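1. A structural model of the following input is requested.
(one chain, ligands or ions: 1)
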Amino acid sequence: MKYSVSVNKEKCIGDAICTALCSNWYMDANGKAQFRKKIINDKEYAENKEAEDSCPIGIIKIMMLE
Ligand code: SF4
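-> Coordinates of the predicted model:
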C-alpha cells in the first residue's frame, strides 16, 4: 500500500510536534513543517500517522493511494 502526505503549510503554527514524532518531517527556513517524501509506504505509515494525529490544528493529511 502507498500513501500520499500533504500539509496546509500556510496554517502551520511551527510547534514542530510532527518533526519530533516522524523523521519524514522537518521545519523549513520559514518555520513551517515540510515532508521529505510525498509518497510513503506501509513501513513509513505509522510514524506519519502519528504526526497526522498529533498535529494540534489537523493540517497534516495522509491519503491512501490506489
Ligand atoms: S504539528 Fe502541525 S502545526 Fe505543528 S509543526 Fe507540524 S504541521 Fe505545523
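2. in this protein, which spans are helices?
-> 17-21, 42-54 (DSSP state H).
3. just the ones you listed: most buried one?
-> Ranked by mean neighbour count, those are led by helix 17-21 with a mean of 18 (mean count of other C-beta atoms under 10 Å). All C-beta spots, glycine's among them, are computed from the backbone N, C-alpha and C.
4. skipping its backbone neighbours, what lies nearest the spatially most central residue of the chain in space?
-> For the chain, the residue nearest the mean C-alpha position is residue 60 (5.1 Å; C-alpha atoms, centre = their mean). In this structure, residue 60 finds its nearest non-sequential neighbour in residue 52, 4.4 Å apart by C-beta to C-beta, 6 or more residues apart in numbering.
5. if I read this right, that neighbour contacts residue 46, doesn't it?
-> No - with contacts counted by C-beta atoms under 8 Å, residue 52 stays clear of residue 46, the gap being 10.6 Å.
6. residue 19 against residue 26, yeah?
-> Yes - taking contacts as C-beta under 8 Å, residue 19 lies within contact range of residue 26: 5.6 Å.
7. joint contacts of these two?
-> Common contacts of residue 19 and residue 26 (C-beta atoms under 8 Å, 6 or more residues apart in numbering): residue 33.
8. nearest spatial neighbour of residue 50, chain-adjacent residues omitted?
-> Nearest non-adjacent residue to residue 50, counting by C-beta to C-beta, 6+ apart: residue 21, 4.8 Å away.
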